[in-house]
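>>> Let's see this in three dimensions:
(one chain, ligands or ions: 1)
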Amino acid sequence: MSNTPSESGEQNCIVDDNADSFDASDLKPIKKVVNLHEIGDYAWTPLAEIGNPLRSLEYNPDTKTLRILDQLLLPGETKHVEVKSVEDGYAVIKNMQVRGAPLIATVGTLSLAVDLNQEPALSMEYDMLFSYIEERCQHLLSSRPTAINLKNSINQIDKILDLDLRNMPVDPARLRKSIQDAAYHWYISEMAENDLLLKNATLCIESFSPSSNYKFTIMTICNTGSLATSSFGTALGVIRQLHVRNRLEKAIALETRPYNQGSRLTAYELLHDKIPFMLITDSMAAAAMRTFGVDAVLVGADQIALNGDTANKIGTYSLAVLAHHHKIPFYVVAPVSTINQRILSGSAIKIEERPALELITFNGKPSAPQGTPVWNPAFDVTPASLISGILTDKGNFLPENLASLFA
Ligand SMILES: CSC[C@H]1O[C@H](OP(=O)(O)O)[C@H](O)[C@@H]1O
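Below you'll find the model as predicted:
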């Protein structure tokens with residue numbers, strides 16, 4: 001937005017429709033992170049030692065069998081679906097039976113491990129198997145374009161393919177096992193990185209506490225918990241940690257139209273864990289910030305550019321603008337596997353558009369006339385200027401310092 005003084009001295013605002021950042025120069029963005037080495041001793045108990053999360057998936061590495069919790073049916077019905085191939089993996093991701101950037105990567109990669117344990121892969125010669133794996137990976141990648149974790153997990157598979165090709169003599173059984181081991185390693189690593197992420201992020205939030213027993217009120221959007229990861233979650237994982245550490249007053253969860261990850265999934269998780277919270281509509285966010293003394297907004301991510309611009313569920317950008325206006329710290333909580341090292345800014349992030357039907361129906365019933373024209377992007381991009389910090393498994397960063405992770 002730029003102002004050009006008229007002859008009378010009044011200022012005429014010329015709105016720059018292409019401005020990708022909210023530049024309210026009278027409001028300085030809150031930029032503050034703290035890391036473990038700055039705090040010293042920090043009593044920490046991994047959530048895994050406290051309780052079991054809701055499990056979004058079950059994988060048996062011996063039998064190579066995979067089941068996922070069908071999130072389209074939650075909260076009304078708890079039903080598991082077998083994933084027996086990459087095609088099944090593609091379908092459950094595309095249909096959002098599983099969703100959440102970290103979980104998408106883990107389910108997609110494990111579906112490849114399952115696929116290679118049966119025909120036709122089992123009887124393929126090396127060259128055909130190699131091409132088959134490449135094609136199946138590309139198919140998985142086409143399921144949902146914005147969540148970068150899947151691309152990063154498939155990059156690991158590509159590295160194995162390259163290495164295996166140089167390891168003579170070629171052996172299809174060895175190749176299958178390498179890919180299956182890598183998929184399982186990605187799954188186990190996702191859980192390990194979640195613990196580190198929660199330690200770093202919770203420490204950072206707690207370090208802003210005005211007293212040692214202060215309880216935080218945290219606002220969050222979408223679902224970033226055990227139903228978006230293989231473990232306890234990112235932003236919602238921090239809310240879990242604050243609760244078990246007796247440092248949470250309440251969470252304020254946005255329902256997150258139109259898929260309603262907040263009302264259907266986050267409320268489901270918070271009730272399951274008996275965590276104090278309240279559900280609000282997306283349109284209530286500003287009034288809630290003004291009414292309930294929100295201490296911080298914590299959100300997840302689907303893709304983070306090297307400058308810290310962050311793609312996340314649609315509505316996140318408006319939440320960042322509101323947080324900025326209300327002088328509330330706004331944090332992105334995400335594993336490093338959500339960072340896209342190949343892009344410098346958020347303008348390069350491809351935003352997935354979801355089917356119109358998801359916007360004009362609710363629970364299968366019309367919520368708008370058939371044929372209503374809609375715009376239904378699944379994500380938006382929050383500029384780094386509105387982000388107080390990016391909290392990761394490898395440390396907490398001011399957005400402008402994020403690229404140092406890869407220097
Ligand atoms: C752990 S971050 C999950 C991330 O993914 C969600 O999107 P979707 O439900 O469409 O997969 C949302 O953007 C969350 O922040």
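
>>> Single out the residue in this structure that lies closest to the ligand.
Nearest to the ligand in the chain, going by C-beta to the nearest ligand atom, is Gly300, at a distance of 2.7 Å. Every C-beta, even on glycine, is put in place using the N, C-alpha and C of the backbone.

>>> ok, now which ones touch that residue?
Applying C-beta atoms under 8 Å, 6 or more residues apart in numbering, one finds that Gly300 lies in contact with 100-101, 222, 224, 228, 233-236, 312-313, 332-334.

>>> at 7 Å what do you get?
For Gly300, the contacting residues are Cys222, Thr224, Ala228, Thr234, Ala235, Asn312, Val333, Ala334, by C-beta atoms under 7 Å, 6 or more residues apart in numbering.

>>> Can you point out the buried residues in the longest helix seen in the chain?
Once the chain is assigned using DSSP state H, the helix that runs over the most residues is helix 172-206. Neighbour-count burial for helix 172-206 flags 172, 175-176, 178-180, 182-184, 186-187, 189-191, 193-206 (criterion: 16 or more other C-beta atoms under 10 Å).

>>> That one - contacts with which helices or strands?
In this structure, helix 172-206 makes packing contacts with helix 36-39, helix 101-115, helix 126-141, helix 149-165, helix 235-244, strand 389-392, strand 395-397, judged by 3 or more C-beta pairs under 7 Å, 6 or more residues apart in numbering; DSSP states H and E.

>>> Restrict stretch 173-182 to CA atoms and write it as CSV.
What follows is the C-alpha trace of stretch 173-182 in CSV, where atoms were taken according to Å, rounded to 0.1, in the frame of the first residue of the first chain:
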residue,chain,number,x,y,z
ALA,A,173,15.4,-57.6,-4.2
ARG,A,174,18.1,-55.3,-2.8
LEU,A,175,16.4,-52.3,-4.5
ARG,A,176,13.0,-53.2,-3.0
LYS,A,177,14.5,-53.7,0.5
SER,A,178,16.4,-50.3,0.3
ILE,A,179,13.2,-48.4,-0.6
GLN,A,180,11.2,-50.2,2.1
ASP,A,181,13.8,-49.6,4.7
ALA,A,182,14.0,-45.9,3.7
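
>>> Quick check: which ranges of the stretch 201-350 of the chain have low pLDDT?
In the predicted model, the stretch 201-350 of the chain carries no residue with pLDDT under 70.

>>> near the ligand, which residues of it?
Cys222, Thr224, Ala228, Thr229, Thr234, Gln261, Gly300, Asp302, Asn312, Lys313 (C-beta under 6 Å from any ligand atom).

>>> Just give me the closest of those residues to Leu391.
Minimum separation from Leu391 among those (C-beta to C-beta) is found for Thr234, which lies at 8.5 Å.

>>> Check what contacts the strand ranked longest in the chain and list those residues.
As far as residue count goes, and with DSSP state E defining each element, the longest strand of the chain is strand 248-254. Contact partners of strand 248-254, identified using C-beta under 7 Å, 6+ apart, comprise 215-221, 239, 242, 262, 266-267, 270, 275-280, 282, 285, 288, 292, 294, 315.
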